[in-house]
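# A structural model of the following input is requested.
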Amino acid sequence: MLSVARARALVSGPPAREQEQRANPVRRPPALRTKPTITGNMDVGRERRDDTFVLTWKLEPKVTAWDVLISERPDVRGEYVVREELSLPGGATTLELPLGDAPLRVHLLGRDRGGRLVRRAIVSALTRDGWAVRWERRPSAS
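Here you go, the predicted model:
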């Protein structure tokens with residue numbers, strides 16, 4: 001009896017549910033997605049002004065200059081390559097970013113009069129699509 005039922009199941013084809021799944025494939029997210037991440041000893045915020053993306057931070061009296069490194073990677077698995085280096089005055093509290101599809105990493109380094117590092121933040125995996133996603137905050141050793 002059981003062998004007859006198994007034979008009929010093989011001849012009749014896949015169940016209706018399997019046929020429906022084949023007709024309507026499930027959309028799955030990409031295998032590897034990056035999430036924007038902040039690491040450092042200072043808080044960094046974000047604003048969106050029309051079509052520009054702006055990083056913001058609080059004024060730090062000890063900082064006399066900000067060094068900014070903007071790196072980009074061609075794909076999710078690639079290494080970051082420095083694209084731009086900037087120097088901002090100590091009173092600066094914003095930075096406009098040219099976001100696109102390629103992930104960016106921004107190093108924000110605040111130095112005092114003697115050149116000693118006082119504040120730092122690293123924001124990784126920034127993209128136009130990931131800007132509105134909740135950013136992950138990772139602890140820093142400093």
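
# where along the chain do the helices fall?
In the chain, the helices defined using DSSP state H lie at 2-12, 16-23.

# which of these has the lowest mean pLDDT?
Lowest mean pLDDT within those: helix 16-23, a mean of 61.

# T93 reaches L55, doesn't it?
No. If you go by C-beta atoms under 8 Å, T93 and L55 don't touch, sitting 9.4 Å apart. Backbone N, C-alpha and C define where each C-beta goes, glycine included.

# these two: which has the busier surroundings?
L55 (20 against 14; other C-beta atoms under 10 Å).

# Provide a list of residues in contact with the nearest residue to the more buried one once chain neighbours are set aside.
Spatial nearest neighbour of L55, chain neighbours left out: L95 (4.6 Å); criterion: C-beta to C-beta, 6 or more residues apart in numbering. Counting by C-beta atoms under 8 Å, 6 or more residues apart in numbering, L95 makes contact with 54-55, 68, 86, 88, 106, 108.

# who wins for most neighbours among those?
L108 (24 neighbours).

# what's the pLDDT at that residue?
On the pLDDT scale, L108 gets 97.

# run through the bridge partners of it.
V68, A121 (DSSP bridges).

# can you find the helix or strand in this structure with the smallest mean pLDDT?
Counting by mean pLDDT, DSSP states H and E, the chain has its least confident helix or strand at helix 16-23, which shows a mean of 61.

# pretty sure V68 is touching H107, no?
Yes. Taking contacts as C-beta under 8 Å, V68 lies within contact range of H107: 6.8 Å.

# please enumerate the shared neighbours of these two.
Joint contacts of V68 and H107 (C-beta under 8 Å, 6+ apart) do not exist.

# which stretches of this structure form strands?
37-40, 45-49, 52-56, 65-72, 81-89, 94-97, 104-111, 117-126, 136-138 (DSSP state E).

# dump those into JSON lines; add distance to L10 as well.
What follows is these, written out as JSON lines (distance: least, C-beta to C-beta, whole Å):
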{"stretch": "strand 37-40", "distance to L10": "51"}
{"stretch": "strand 45-49", "distance to L10": "57"}
{"stretch": "strand 52-56", "distance to L10": "57"}
{"stretch": "strand 65-72", "distance to L10": "54"}
{"stretch": "strand 81-89", "distance to L10": "56"}
{"stretch": "strand 94-97", "distance to L10": "59"}
{"stretch": "strand 104-111", "distance to L10": "54"}
{"stretch": "strand 117-126", "distance to L10": "49"}
{"stretch": "strand 136-138", "distance to L10": "50"}
